[in-house]
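Colleague: Got a predicted structure plus its sequence, pasted below:
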Amino acid sequence: MKKKLRSHDWFGRKDKDGIIYRSWMKNQGMPPDLFDGRPVIGICNTWSELTPCNAHLRDLAEMVKRGVYEAGGFPVEFPIMSLGETLLKPTAMLFRNLASMDAEESIRGNPIDGVVLLTGCDKTTPSTVMGASSVNLPTIVVPGGPMLNGKYKGTDIGSGTHVWKFDEDMKTGKMTQEECTIAESCMSRSVGHCMTMGTASTMACMVESLGLTLPGAAAIPAADSRKKVMAQLSGRRIVEMVKEDLTISKILTREAFENAIKVNAAVGGSSNFIIHLTAIAGRIGVELNLEDFDTLGSKIPLLLNLMPSGKYLMEDFYYAGGLPVILNELKDHLHKNVITVTGKGHEANIKGLTECYNENVIATYDKPLIAEAGCVVLKGNLATNGAVMKPSAATPALMKHKGRAVVFESIEDYHKRIDDPDLDIDETCVMVLKYVGPVGYPGMPEVGNMALPKKLLQKGITDMVRISDGRMSGTAYGTVVLHVSPESAIGGTLALVKNGDIIELDVSARKINLAVTDEELEKRRAAWAAPKPAAERGYVNLYVKHVMQADKGADLDFLQGNSGSEVTRDSH
């Protein structure tokens, strides 16, 4: 017996509500036969001109619609809150959970049988996947794609990664403001998101490795016509997924999450991957803890030579063969036959797509760029619930380090003092930034990769150990300890660090410790006072009261789990 589509509860009715549901849709010029019981496909669009990385998604939506129509479906496009990492203050991460609520309720409350998620900039991917996971309909993701390689003075430049370099070059007089103005135009020369292995590219690789995209979708440049082809094919496929009742929960299994962790290590993915994948797991009901990222990923070799861990960019990755080549190199370490949106496993999906066309870009498993590259989890009295670090973007000589803490009590304190010539700091010190976690900022911004003091940059120092309860951009680099949990704003040990304290980092031992006695810490804790709430009203107030810590994915506690797709009451 053919399963009744959920859209039938809207468009298949013969009463006054059915008249309302169909009639008002017809004011858009929709013919009566669109309401004949065919699958209704929602196209969840994160397009916005305030999200530059996603500004081309209206064009992709049209291609998805074409595919849906070809497969006998009824496409309906709808917007949700769009999160642009480059413009949105105080940080797009503050609103990831809000956008996920927007996606969840828009999908559940409307006559949708399956959904296509159009994503791009960092938080648009996890937020939409989190929302869709809480509804559990057939779901496919179409990543918007990276920009074309930046080109400046005959060299390739990478979005994000070169921002930090240009900033340092201007501080040290290697680059003028006029040169920087030209370079920033050269860096962002096409539609699409960051073309480094920043968080946006990491999220695209994440959804492909989870099995939520068609094979090869992650690396196709946004400006390449094949991106439109992928969108059209995804439109066709989602109609079939509805007919097969291939819901997102059937794809997002524990094995799929394990695959994603290993792939992220192999591509040198962003440390933000940890916080987003953990949040998605919390929505779909898969048990995933911080230690899993270290246990499963830290021993995986780096195979992709891409900024910031390497030399090349996403366009080169695509021409070299894209993620299917990485999946093939990891084949002995992945769950190859867990189901994906194709209805098949990765092994079948990548058949005929495994040849590498540039071994300078994609290394082999036997001859990797770095033998062990995945993010590591650090614990100690400074981070009792854990902190994370990305070794592939760090300085090997600093992986075991002991230094004097130079403490910045807030981001404003950091900005005020960092370039003060009288700041008591040298390259052996450990920079500590407080109150930039989920509650403290609020929203956990990408400020963890603190720029070094100008006077040290002028000496030729390029890296120092830096510690915070915040995040850093996936485009960034350095020996940076991030996501310290519990955070300083709720009384974590980080709040108690003072100038001159000795901090010990030992990455191989997975330790991050403050060399202060328990008795002294208790004295400091007794004298510590929590900061005032960041907001007294609105979403930010709700966020601060309910956000979980970084090791739990920084989701809102009441959003854990899912509510399914059923809506039992009508609107009229």
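Modeller: Sure thing, it's come through.

Colleague: ranges for the helices of the stretch 1-150 of the chain?
Modeller: Ranges of helices in the stretch 1-150 of the chain, per DSSP state H, counting those that start in this stretch, are 8-11, 16-26, 57-70, 96-109, 124-133.

Colleague: So which of those has the densest surroundings on average?
Modeller: Comparing the helices of the stretch 1-150 of the chain by mean neighbour count (mean count of other C-beta atoms under 10 Å), helix 124-133 ranks first with a mean of 30. C-beta here means a position set from N, CA and C on the backbone, and glycine is covered the same way.

Colleague: That one - contacts with which helices or strands?
Modeller: Judged by 3 or more C-beta pairs under 8 Å, 6 or more residues apart in numbering; DSSP states H and E, helix 124-133 is in contact with helix 96-109, strand 114-119, strand 139-143, helix 199-210, helix 248-251, helix 272-284.

Colleague: want to throw the helices of the stretch 1-150 of the chain into TSV with distance to I512?
Modeller: TSV is the format used below for the helices of the stretch 1-150 of the chain (distance: least, C-beta to C-beta, whole Å):
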stretch	distance to I512
helix 8-11	53
helix 16-26	56
helix 57-70	40
helix 96-109	26
helix 124-133	26
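
Colleague: CSV please, covering those and showing mean pLDDT and distance to D420.
Modeller: Formatted as CSV, the helices of the stretch 1-150 of the chain follow (pLDDT from 0 to 100; distance: least, C-beta to C-beta, whole Å):
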stretch, mean pLDDT, distance to D420
helix 8-11, 96, 63
helix 16-26, 96, 62
helix 57-70, 98, 44
helix 96-109, 98, 34
helix 124-133, 98, 38
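
Colleague: V430 is nearest to which of those?
Modeller: Minimum separation from V430 across the helices of the stretch 1-150 of the chain (C-beta to C-beta) falls at helix 96-109, 29.3 Å.

Colleague: Of the helices and strands packed on helix 124-133, which is nearest A320?
Modeller: helix 199-210 (13.8 Å).

Colleague: Kindly format the C-alpha coordinates of that closest one as PDB.
Modeller: Only the C-alpha atoms of helix 199-210 are listed here, as PDB (Å, rounded to 0.1, in the frame of the first residue of the first chain):
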ATOM      1  CA  THR A 199      34.700  26.100   8.400                       C
ATOM      2  CA  ALA A 200      32.500  26.500   5.300                       C
ATOM      3  CA  SER A 201      34.600  24.100   3.300                       C
ATOM      4  CA  THR A 202      34.800  21.900   6.300                       C
ATOM      5  CA  MET A 203      31.000  21.800   6.700                       C
ATOM      6  CA  ALA A 204      30.700  20.900   3.000                       C
ATOM      7  CA  CYS A 205      33.100  18.000   3.500                       C
ATOM      8  CA  MET A 206      31.200  17.100   6.600                       C
ATOM      9  CA  VAL A 207      27.800  16.700   5.000                       C
ATOM     10  CA  GLU A 208      29.300  14.700   2.100                       C
ATOM     11  CA  SER A 209      31.100  12.400   4.400                       C
ATOM     12  CA  LEU A 210      28.000  12.000   6.500                       C
END
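
Colleague: Skipping adjacent residues, who's closest to P308 in space?
Modeller: Spatial nearest neighbour of P308, excluding adjacent residues (C-beta to C-beta, 6 or more residues apart in numbering): Y477 at 4.1 Å.

Colleague: Surely E255 forms part of a helix?
Modeller: Yes: assigned with DSSP: H, G, I helix; E, B strand; the rest coil, E255 falls within a helix.

Colleague: so it touches I339, yeah?
Modeller: No: between E255 and I339 no contact is recorded; they are 9.6 Å apart, counting by C-beta atoms under 8 Å.

Colleague: P531 and V544: what is the separation?
Modeller: Separation of P531 from V544 (C-beta to C-beta, to the nearest Å): 10 Å.

Colleague: Please identify which of the two sits among more neighbours.
Modeller: The residue with more neighbours, out of P531 and V544, is V544; 19 against 14, by other C-beta atoms under 10 Å.

Colleague: So that one sits against A535, correct?
Modeller: Yes: if you go by C-beta under 8 Å, V544 and A535 touch, sitting 6.6 Å apart.

Colleague: any common contacting residues for these two?
Modeller: Taking C-beta atoms under 8 Å, 6 or more residues apart in numbering as the contact rule, V544 and A535 both touch P442.

Colleague: what sits against the nearest residue in space to L87 that is not next to it in sequence?
Modeller: The shortest distance from L87 to any non-neighbouring residue, by C-beta to C-beta, 6+ apart, is to L50 (5.7 Å). Counting by C-beta under 8 Å, 6+ apart, L50 makes contact with S82, G84, L87, L88.

Colleague: Mind doing that once more with 7 Å?
Modeller: Going by C-beta atoms under 7 Å, 6 or more residues apart in numbering, L50 touches S82, G84, L87.

Colleague: Over to G380?
Modeller: Residues counted as contacts of G380 (C-beta under 7 Å, 6+ apart) are K511, I512, N513.

Colleague: now with 10 Å?
Modeller: 386-387, 493, 503-506, 509-514 (C-beta atoms under 10 Å, 6 or more residues apart in numbering).

Colleague: just I284 next, same as before
Modeller: Counted by C-beta under 10 Å, 6+ apart, I284 has contacts 129-130, 132-134, 136, 248-249, 251-254, 256-257, 561-562.

Colleague: ok, now with 8 Å
Modeller: S133, I248, S249, L252, N562.

Colleague: which of those count as buried?
Modeller: Buried subset of these (neighbour count, 16 or more other C-beta atoms under 10 Å): S133, I248, S249, L252, N562.

Colleague: biggest separation within the residues you listed, which pair?
Modeller: L252 and N562 (10.9 Å).

Colleague: where do the contact lists of the two overlap?
Modeller: S133, I284.

Colleague: Tell me which of the helices of the stretch 1-150 of the chain sits nearest to S190.
Modeller: The nearest among the helices of the stretch 1-150 of the chain, by C-beta to C-beta, is helix 57-70 at 13.0 Å.

Colleague: Which elements pack onto that closest one?
Modeller: Checking 3+ C-beta pairs under 8 Å, 6+ apart, helix 57-70 ends up next to strand 40-45, strand 74-79, strand 114-119, helix 225-244.

Colleague: how far out from the middle of the chain is the second one?
Modeller: Computed by C-alpha atoms, centre = their mean, to the nearest Å, the chain-centroid distance of strand 74-79 equals 24 Å.

Colleague: and if you look at the first one?
Modeller: The gap between where strand 40-45 is centred and where its chain is centred comes out at 22 Å by C-alpha atoms, centre = their mean.

Colleague: Please tabulate the helices and strands packed on helix 124-133 in TSV, including the columns distance to P32.
Modeller: As requested, the helices and strands packed on helix 124-133 are exported to TSV (distance: least, C-beta to C-beta, whole Å):
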stretch	distance to P32
helix 96-109	24
strand 114-119	22
strand 139-143	28
helix 199-210	36
helix 248-251	31
helix 272-284	37
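
Colleague: Closest to D156 out of the buried ones among the contacts of I284?
Modeller: L252 (35.2 Å).
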